[in-house]
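how does the following fold in three dimensions:
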Amino acid sequence: MQRDTTRNPGPAGFTFIEIMIVVGIIVIVSAIGLPRMTTAIANMKLRSSMTSVSSFLQNVRMLAIKNNRTTTAKHYNREQAPRSLVFYAKDATDGGGPVTTDSQVEMEAPINPYDAPTGPGAPAVIANSALGLLSDPQTGDPSFNSRGLPCAYSGGACANVAFIKYFKDDRISGNGGWAAISITPAGRIKRWFWNGSSWID
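Sure thing, here's the model as predicted:
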């Protein structure tokens with residue numbers, strides 16, 4: 001007896017309901033994971049930018065020693081897109097703006113500098129005890145003398161002091177991430193990051 005192989009085994013593939021269930025699961029997983037992913041990417045960009053700033057400050061320090069003259073690390077935000085934060089090195093006696101021959105580094109946009117954290121959800125300033133200081137640090141542009149020590153340059157004199165600058169990025173989630181760069185009077189440059197409850201390095 002011969003077997004009948006022409007019988008239709010039934011419809012193949014997925015039903016509309018099965019496809020909609022899979023799409024619904026993908027939407028739910030994306031809704032849960034996307035904010036975490038964007039926060040993680042923003043944190044990586046902020047860390048990368050702070051590494052660039054601290055490395056640049058170290059380079060300015062070495063430049064001051066090499067050229068045997070006081071050099072200042074200045075910064076500005078571009079007014080046109082992408083409105084990124086730019087640091088550049090200048091001889092302390094040069095009051096002009098940046099030129100192409102100046103040593104420069106550009107942050108990933110958009111990051112803004114602050115003398116102290118401000119605005120909704122802003123953290124408190126880093127305590128002097130955590131910075132290892134007995135007095136408040138300066139918040140202006142740091143200069144480095146010919147020995148590589150940080151100082152506040154004014155009228156040809158450069159007084160050895162500590163510095164700190166705070167930074168905030170503008171991320172999609174609304175509340176920006178906060179970071180800081182501190183410089184001790186001995187010239188130690190350190191990065192700080194706000195984790196939501198405390199400053200960590």
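
and residue 78, how far from residue 139?
According to Cβ to Cβ, to the nearest Å, residue 78 and residue 139 sit 22 Å apart. Using the backbone N, CA and C atoms, a C-beta is placed for each residue, glycine as well.

quick one: contacts for the closest residue to residue 86 other than its chain neighbours?
Using Cβ to Cβ, 6 or more residues apart in numbering and skipping the chain neighbours, the partner closest in space to residue 86 is residue 106 (5.0 Å). The neighbours of residue 106, taking Cβ atoms under 8 Å, 6 or more residues apart in numbering as the test, are 84-86.

in terms of pLDDT, where does residue 106 sit?
pLDDT, residue 106: 88.

before we move on, what about residue 126?
What the model reports for residue 126 is a pLDDT of 96.

neighbours around the residue nearest to it when sequence neighbours are not counted, how many?
Of all residues not flanking residue 126 in the chain, residue 199 sits nearest, at 5.1 Å (Cβ to Cβ, 6+ apart). By the criterion of other Cβ atoms under 10 Å, residue 199 has 19 neighbours.

where does the spatially most central residue of the chain fall, secondary structure wise?
Nearest to the mean C-alpha position of the chain, by Cα atoms, centre = their mean, lies residue 46 at 2.9 Å. Applying DSSP states H and E as the criterion places residue 46 in helix 16-67.

show me the contacts for residue 126.
Residue 126 is in contact with 164, 180, 182, 192, 199, counting by Cβ under 8 Å, 6+ apart.

ugh, wrong one, residue 49
Residue 49 makes contacts with 85, 107-108, 111, 167, 169, 179, as judged by Cβ under 8 Å, 6+ apart.

among those, which are in strands?
85, 111, 167, 169, 179 (DSSP state E).

partner residues bridging the second one?
It refers to residue 111. Note on residue 111: beta-bridge partners by DSSP bridges are residue 169.
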